[in-house]
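K.L.:
Give me a 3D structure for the following:
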Amino acid sequence: MPIAGVAHLPFLFWDGRKDSLWAQALGPLESPVEHGGDRAQYANVIARHYRREYQRVFGPLPQLQSREAATKVFVNIGKAIAAYERTIQPAPSRFDRFAAEWKRTGAIPKDILDGQELAGLALFQGKANCTQCHNGPLLTNGEFHNTGVPARKGMPEDRGRFTAIAAVKSDEFNCRSRWSDADPRECRELDFLAPAAAANERAYKVPSLRDVAGRAPYMHAGQFATLREVLDHYNRAPAAPGGHTELKPLGLTADELGQLEAFLHTLSGGVSATAALPRRRR
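P.N.:
Residues are numbered from 1 along each chain as shown. All right, here's what the predicted structure looks like:
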């Protein structure tokens, strides 16, 4: 999942098991397959090496003699990381320049996208049906869909959104937890989470397509090495794990797949740091 623009999205990780940037930032720190530390260890690192910086932002460092005190410092680490992540935004791409010029003049610009890329844009909006999920400024609807992506061999069973709904509701760091800074009224997404159902089985978050050409491998476990493999999967709509997929064959030709891939490359612009955004402080 890309970090640029992530402050605008309500649920984090591929399965949406976290509902804030600061809660998401804490997960890898304690994960045995990532950083593999514990909150007392991190709190002591802060006390030894970053006491002054911590106290400048969060006030006096507590005495680290209990899990409660260590957790408070641990949570604030997540909030500091989240504050930085919120400044990371997608930089303008060639497609953004194209869209801005079209809006300014009312005519399709002739010198920003080439013929292949323009044909790919038409497919993206039409026959390929990409905008059903990839829409809005970040080119994602922020929702979760089962697109029949094959399971990765040798990996633990992953049911996607099906199991994540219960996880985020019971998370000790969710929006309504005592560690959250949010007003409870800012946490309405939790109220509208439907119980786990068949539609959530192996459903994963729709990623932003900004800078997608530079983010291989693709899908939630890196199942596809190239953009062309991704496009081929969506075009064929093969049989899916568990027998369920939202995809239907698209019938795109090889030339059309090439045009669509060419358009996706126009969405690359890199990232830029901006002032912190006003919302999603929880």
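
K.L.:
Please make it C-alpha for all contacts and neighbour counts, starting now.
P.N.:
Noted.

K.L.:
The longest helix anywhere in the chain packs against which elements?
P.N.:
Longest helix of the chain, by residue count under DSSP state H: helix 67-85. Helix 67-85 sits against helix 21-30, helix 39-49, with contacts defined as 3 or more C-alpha pairs under 8 Å, 6 or more residues apart in numbering; DSSP states H and E.

K.L.:
and the first one, which residues are buried?
P.N.:
By neighbour count, with 16 or more other C-alpha atoms under 10 Å as the criterion, the buried positions of helix 21-30 are 21, 22, 23, 24, 25, 26, 27, 29.

K.L.:
Need the max-distance pair from those residues.
P.N.:
21 and 29 (13.5 Å; C-alpha to C-alpha).

K.L.:
Neighbouring strands - and their directions - for the helix or strand of the chain with the lowest mean pLDDT?
P.N.:
The helix or strand of the chain with the poorest confidence is strand 271-273; it has a mean of 75 (mean pLDDT, DSSP states H and E). Next to strand 271-273 in the sheet, as set by DSSP bridges, lie strand 88-90 (antiparallel).

K.L.:
Centre of the chain to the partner strand, how far?
P.N.:
The chain centre lies 13 Å from the centre of strand 88-90; the measure is C-alpha atoms, centre = their mean, to the nearest Å.

K.L.:
Make 98 the first number, not 1, from now on.
P.N.:
In the new numbering, first residue 98, that becomes strand 185-187.

K.L.:
Show me the contact partners of that strand.
P.N.:
100, 101, 102, 307, 366, 367, 368, 369, 370, 371 (C-alpha atoms under 8 Å, 6 or more residues apart in numbering).

K.L.:
now with 7 Å?
P.N.:
101, 102, 366, 367, 368, 369, 370, 371 (C-alpha atoms under 7 Å, 6 or more residues apart in numbering).

K.L.:
which of these count as buried?
P.N.:
Judged by 16+ other C-alpha under 10 Å, buried ones among the contacts of strand 185-187: 101, 102, 366, 368.

K.L.:
now the strands for the stretch 148-297 of the chain?
P.N.:
For the stretch 148-297 of the chain, the strands defined by DSSP state E, counting those that start in this stretch occupy 185-187, 241-242.

K.L.:
what does the last one rub up against?
P.N.:
Applying C-alpha under 7 Å, 6+ apart, the external contacts of strand 241-242 come out as 300, 301, 302, 303.

K.L.:
try it again with 10 Å
P.N.:
The contact list for strand 241-242 (C-alpha atoms under 10 Å, 6 or more residues apart in numbering) reads 108, 111-113, 230, 257-258, 296-304, 342-344.

K.L.:
Give me the buried entries from these.
P.N.:
Buried, going by 16+ other C-alpha under 10 Å: 108, 111-113, 230, 257-258, 297-304, 342, 344, out of those.

K.L.:
Among these, name the ones in strands.
P.N.:
Members of those lying in strands (criterion: DSSP state E): 301, 302.

K.L.:
show me where this structure has helices.
P.N.:
118-127, 136-146, 148-155, 164-182, 191-202, 212-222, 258-267, 285-288, 324-333, 351-362.

K.L.:
just so I know, which of those helices lies nearest residue 275?
P.N.:
Comparing those by C-alpha to C-alpha, helix 164-182 comes nearest, at 10.4 Å.

K.L.:
Any stretches of the chain with poor pLDDT?
P.N.:
293, 371-379 (pLDDT under 70).

K.L.:
okay, now the domains of it?
P.N.:
103-186, 189-370 (automatic domain parsing).

K.L.:
Thought residue 259 was touching residue 265, still the case?
P.N.:
No. In this structure, residue 265 is not within contact of residue 259 by C-alpha atoms under 10 Å, at 11.2 Å.

K.L.:
Dump the strands of the stretch 148-297 of the chain into a markdown table; add distance to residue 173 and mean neighbour count as well.
P.N.:
Shown next, in a markdown table, are the strands of the stretch 148-297 of the chain (distance: least, C-alpha to C-alpha, whole Å; neighbours: other C-alpha atoms under 10 Å):
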| stretch | distance to residue 173 | mean neighbour count |
| --- | --- | --- |
| strand 185-187 | 19 | 21 |
| strand 241-242 | 29 | 21 |
